[in-house]
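**Student:** Any chance you could fold what I've pasted below:
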Amino acid sequence: MTPQRRRPGRPAHGSREKLVAAACDLFAERGFTAASPTMVLDRSGVGHGSLYHYFDGKEALALAAIEQMRADLMAKLGLENSEDRD
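**Tutor:** Numbering: from 1, shown residues only. Take a look at the predicted model:
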């Protein structure tokens, strides 16, 4: 039996999260300038059209990665709702 392939069109579920996770890793390892969109795509394992489906470019992806890293850090510190506290 041949495995079924997804038809072209919408990216697979979880593609955005995979892109952001790969960007977080690569930006931490190599820095923003040295990490290319192709590297992010290769690391994430998603289709090459997915990055531009979710983000306008590398800068928008970097902002999403920064937001994710901030959220992860705040959760580790137990400060998920720190904006609500005064």
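**Student:** ok, the residue nearest the centre of the chain - contacts?
**Tutor:** Among the residues of the chain, the one closest to the centroid is V20, at 0.9 Å (Cα atoms, centre = their mean). Contacts for V20 (Cβ atoms under 8 Å, 6 or more residues apart in numbering) come out as L61, A64, A65, Q68. C-betas here are computed from N, CA, C, even on glycine.
**Student:** Can you tell me which of those is nearest F27?
**Tutor:** A65 (5.9 Å; Cβ to Cβ).
**Student:** Nearest spatial neighbour of that closest one, chain-adjacent residues omitted?
**Tutor:** The shortest distance from A65 to any non-neighbouring residue, by Cβ to Cβ, 6 or more residues apart in numbering, is to A23 (4.1 Å).
**Student:** Count the residues that sit near that neighbour.
**Tutor:** Using other Cβ atoms under 10 Å, A23 has 28 other residues around it.
**Student:** Would you indicate which residues of the host helix or strand of it are buried?
**Tutor:** Counting by DSSP states H and E, the element that carries A23 is helix 15-30. In terms of neighbour count (16 or more other Cβ atoms under 10 Å), helix 15-30 has its buried residues at S15, R16, K18, L19, V20, A21, A22, A23, C24, D25, L26, F27.
**Student:** Tell me which residues touch the residue nearest to A65, please.
**Tutor:** A35, V40, L61, A62, A64, A65.
**Student:** how close does it get to A35?
**Tutor:** A23 sits 7 Å away from A35, going by Cβ to Cβ, to the nearest Å.
**Student:** Next: E17.
**Tutor:** The value you get for E17 to A35, if Cβ to Cβ is used, is 18 Å.
**Student:** same question, G14
**Tutor:** Counting by Cβ to Cβ, the gap from G14 to A35 is 21 Å.
**Student:** So which of those two has more stuff around it?
**Tutor:** When neighbours are counted by other Cβ under 10 Å, A35 comes out ahead of the other of G14 and A35, with 22 against 11.
**Student:** Can you tell me the closest non-neighbouring residue to the more buried one?
**Tutor:** L26 (4.0 Å).
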